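*Asks:* Provided below are the primary sequence and the corresponding predicted coordinates.
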Amino acid sequence: MKTVLTNIKKLYTPIQKPPVKGLLMRDIQVLHHPFIVIEDGYFTSIATGEIPKESLENAKMVDCQGTCIVPGFVDSHTHLVHAASREHEFEQKLAGVPYLDILASGGGILSTVERTKLASKHDLLHQARKSLQHFLSYGVTTLEAKSGYGLDLETEIKQLEVAKQLNNEGPIEIISTYMGAHALPKAYRDRSDEYVDTILHDLEVIAKNQLADMVDVFCEEGVFSIAQTENILEKAKALGFGIRLHADEIHPLGGAKLASELQALSADHLMAMPEADYEAFAKSNTIATLLPGTSFYLNKPFAQAKKMMEANMALAIASDYNPGSSPSENFALTMQLAANKLGLLPSEVLTAATLNPAYSLRRSNSIGSLEVGKQADFVLLNIPNWEYFLYHYGTQHTHSVYKKGICVYEKPRGIYETR
């Protein structure tokens, strides 16, 4: 099937070969009043000027109503599949109780673990579908989903099977990550090395059953050490998984340095990453994935994005959607915080929300930019320009969302818009 998009105000897309590092993240393409041709879910023409007659033959015409078009957003760090919520901890957070103290008392991740163990697949699917609808409404067309709320093989598999079913249902493409190393179960609190041994065993089961594409570890003081993290990730690499780290979030443990040494796809959080590690990190192709929503929600320092850019690191941004430290599916707000709190320029934000996270998920050959030959994942926005999207924060700018050339979301028109 052929589709031709017309009446587009402006097109914005990254154009560099990923990973896009440092100041090159500013280098985006802007086209005024382009037309786009899509065939069988892929872009076949993106140009300005008069539409060739052959492109119009037997084509479905779509009037984009003067909207702006950008690539579908890629959220490369979420904890999508879980049970319940944790608003009962909200007052503790407001009172300044440290997250690791909440975790040590049996709260935090461990409380979600207990609820997720008890939840049925039906319940997990129901909750995750609601979240995915929110993500879609903000233009997310590809999303990474971690396990990690089981901390035992049975529940971890349950989470991964739910994510796999959601990916099959669509329309959002879901890349699954096994994260059995998310926290220490209560039974292993003083026997962390023994728990690591169970993870090493479980990795083989996950690989055999093809339940995940990637493996992640929470490398942090009081959770998993540098040595334990390296042990897990080396085994994961040997089994063919892509590897990722929660690194240098609270303490400068050296997780980001380890990520670059292991050639991980991504090191995430990085609020406490030592500046001395920036240069070595920049020489790798590991993506530095920053999570401004988490800093905002926890009232913690933001990652030093501008210094990382100056050091020529490749940045991505992600929501870190989870029930404890970033309970929001509003990816537009994530991008707006990246501009207002991380200090990224609008063009840098676009690259960090599309092409670089796609690279970190091993999908940049097919998504992350508007290019001929790539999958037709894109968002139409009711904005005069991309800068306005970040300037007018906390609101819904989405007109419609397309996945593989098919419209999968349209914003309902409100009463004032219909008058």
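*Replies:* All right, it came through fine. Numbers count the residues shown, from 1 in each chain.
*Asks:* Any idea how far apart the tips of stretch 38-51 sit?
*Replies:* 13 Å (C-alpha to C-alpha, to the nearest Å).
*Asks:* Excluding its own residues, what touches it? List them.
*Replies:* With contacts defined as C-beta atoms under 8 Å, 6 or more residues apart in numbering, stretch 38-51 is touched by 1-6, 11, 31-37, 52, 55, 370-376, 404-406. C-beta here means a position set from N, CA and C on the backbone, and glycine is covered the same way.
*Asks:* mind redoing it with 7 Å?
*Replies:* Applying C-beta atoms under 7 Å, 6 or more residues apart in numbering, the external contacts of stretch 38-51 come out as 1-4, 31-37, 55, 370-376, 404-405.
*Asks:* among those residues, which ones are buried?
*Replies:* The neighbour count (16 or more other C-beta atoms under 10 Å) marks 2-4, 31, 34-37, 55, 370-371, 374-376, 404-405 as buried among the contacts of stretch 38-51.
*Asks:* what's the farthest-apart pair in the residues you listed?
*Replies:* The distance between the two most remote of those (C-beta to C-beta) is 21.6 Å, for 31 and 404.
*Asks:* and the gap between the spatially most distant residue from the centre of the chain and residue 59?
*Replies:* Distance from the centre of the chain peaks at residue 53, with 39.5 Å (C-alpha atoms, centre = their mean). With distances taken as C-beta to C-beta, to the nearest Å, residue 53 is found 11 Å from residue 59.
*Asks:* Repeat that for residue 387.
*Replies:* 32 Å.
*Asks:* Which of the contacts of stretch 38-51 fall in strands?
*Replies:* Of those, the ones assigned to strands by DSSP state E are 2, 3, 4, 31, 32, 35, 36, 37.
*Asks:* Going by distance to residue 335, which of these wins?
*Replies:* residue 31 (20.7 Å).
*Asks:* Please report how far the closest one lies from residue 381.
*Replies:* From residue 31 across to residue 381, the span is 15 Å (C-beta to C-beta).
*Asks:* Can you tell me the element residue 179 falls in?
*Replies:* Assigning secondary structure by DSSP states H and E places residue 179 in strand 173-181.
*Asks:* Distance from the chain centre to that strand, please.
*Replies:* Counting by C-alpha atoms, centre = their mean, to the nearest Å, strand 173-181 is centred 11 Å from the centre of its parent chain.
*Asks:* Parallel or antiparallel, which strands does it pair with?
*Replies:* Next to strand 173-181 in the sheet, as set by DSSP bridges, lie strand 140-146 (parallel), strand 214-219 (parallel).
*Asks:* mind putting those in JSON lines, distance to residue 339 and mean pLDDT included?
*Replies:* Shown next, in JSON lines, are those (distance: least, C-beta to C-beta, whole Å; pLDDT from 0 to 100):
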{"stretch": "strand 140-146", "distance to residue 339": "18", "mean pLDDT": "99"}
{"stretch": "strand 214-219", "distance to residue 339": "27", "mean pLDDT": "98"}
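*Asks:* Would you reformat those strands as JSON lines and include distance to residue 275 and mean neighbour count?
*Replies:* Formatted as JSON lines, the strands paired with strand 173-181 follow (distance: least, C-beta to C-beta, whole Å; neighbours: other C-beta atoms under 10 Å):
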{"stretch": "strand 140-146", "distance to residue 275": "27", "mean neighbour count": "28"}
{"stretch": "strand 214-219", "distance to residue 275": "19", "mean neighbour count": "27"}
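*Asks:* of all those strands, which lies closest to residue 412?
*Replies:* Across the strands paired with strand 173-181, closest to residue 412 is strand 140-146 (C-beta to C-beta), at 18.2 Å.
*Asks:* Past that closest one, which element shows up next along the chain?
*Replies:* Following strand 140-146 in sequence order, the next helix or strand is helix 153-169 (DSSP H and E).
*Asks:* averaged over its residues, what pLDDT does that following helix have?
*Replies:* Over the span of helix 153-169, the pLDDT mean works out to 98.
*Asks:* Likewise for stretch 197-204?
*Replies:* On average, stretch 197-204 scores 98.
*Asks:* Counting neighbours, which bits of that stretch end up buried?
*Replies:* For stretch 197-204, by 16+ other C-beta under 10 Å, it's 199, 202, 203.
*Asks:* Neighbours of residue 380, how many?
*Replies:* If you count neighbours by other C-beta atoms under 10 Å, residue 380 ends up with 26.
*Asks:* before we move on, back to that, export the strands paired with strand 173-181 to a markdown table and append columns for distance to residue 80.
*Replies:* What follows is the strands paired with strand 173-181, written out as a markdown table (distance: least, C-beta to C-beta, whole Å):
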| stretch | distance to residue 80 |
| --- | --- |
| strand 140-146 | 4 |
| strand 214-219 | 13 |
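*Asks:* Go through the ones you listed and name the closest to residue 341.
*Replies:* Among the strands paired with strand 173-181, if distance is taken as C-beta to C-beta, the winner is strand 140-146, at 20.0 Å.
*Asks:* which residues sit against the closest one?
*Replies:* Applying C-beta under 7 Å, 6+ apart, the contact partners of strand 140-146 are 72-81, 135, 163, 172-177, 179, 216, 331, 358, 361, 363, 367, 377, 401, 403.
*Asks:* Of the residues you listed, select the buried ones using a ChimeraX command.
*Replies:* Restricted to buried positions by 16+ other C-beta under 10 Å, the ChimeraX selection for those reads:
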select :72,73,74,75,76,77,78,79,80,81,135,163,172,173,174,175,176,177,179,216,331,358,361,363,367,377,401,403
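*Asks:* give me the low-pLDDT residue ranges for the stretch 151-300 of the chain?
*Replies:* Judged against pLDDT under 70, the stretch 151-300 of the chain has no low-scoring part.
*Asks:* quick one: the helices in it?
*Replies:* Remark: helices assigned in the stretch 151-300 of the chain by DSSP state H, counting those that start in this stretch are 153-169, 192-208, 226-238, 255-261, 278-282, 292-298.
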